[in-house]
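# Here is a sequence together with a model predicted from it:
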Amino acid sequence: QVTKERKAYGEMMKRVGTENEDLQSQLRTRREQAAALEEKLRGLVEEGAAIRVELEARRQEHVAMDGRERQLAAQLRTALQQQHLDQGRIEELLAASEELSEEKSRIEQRNSEVHRQLALKVAEIEVTSDML
């Protein structure tokens with residue numbers, strides 16, 4: 001009976017030993033898998049950090065471009081307003097130029113009339129002088 005129990009105990013210990021070895025092997029495999037996954041995760045975290053840095057750089061570029069775009073739009077508005085003012089000033093100067101041309105024409109007509117009258121007076125004086 002004792003021999004049977006020892007034999008059964010020995011077989012049970014062998015099974016436990018074999019199971020223990022199997023479990024130890026599975027544990028080593030799982031630890032290796034976990035280490036590989038941790039390494040992969042570290043790589044992904046590093047990639048994520050690099051992507052975040054790139055995204056922030058692009059966001060800052062967009063902010064700068066938006067600012068430059070607003071600045072150019074403001075400059076364009078100012079230039080258009082100045083152009084409008086300049087156009088108004090040009091129109092004023094053209095109107096003044098037309099008025100001056102008309103005034104010049106009237107003065108030239110008056111001068112022509114005065115010269116004609118002066119010529120008549122000179123002729124009248126010459127005739128009178130000749131008669132004397």
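Cool, the structure landed. Residues are numbered from 1 along each chain as shown.
# what residue lies at the spatial centre of the protein?
What sits nearest the mean C-alpha location of the chain, by C-alpha atoms, centre = their mean, is M65, with 2.6 Å.
# ok, now how distant is that residue from L100?
When C-beta to C-beta, to the nearest Å is the yardstick, M65 and L100 sit 51 Å from each other. The way it works is simple: take the backbone N, C-alpha and C, and place the C-beta from them, glycine included.
# Same question for R89.
Shown here: R89 relative to L100, a distance of 16 Å by C-beta to C-beta.
# tell me how far the helix or strand containing A35 is from the chain's mean position?
For A35, the host element (DSSP states H and E) is helix 2-131. Mean-position distance between helix 2-131 and its chain equals 0 Å (C-alpha atoms, centre = their mean, to the nearest Å).
# and that helix, what other elements does it pack with?
The criterion is 3 or more C-beta pairs under 8 Å, 6 or more residues apart in numbering; DSSP states H and E, and there are no helices or strands that helix 2-131 contacts.
# Many thanks, we can stop here.
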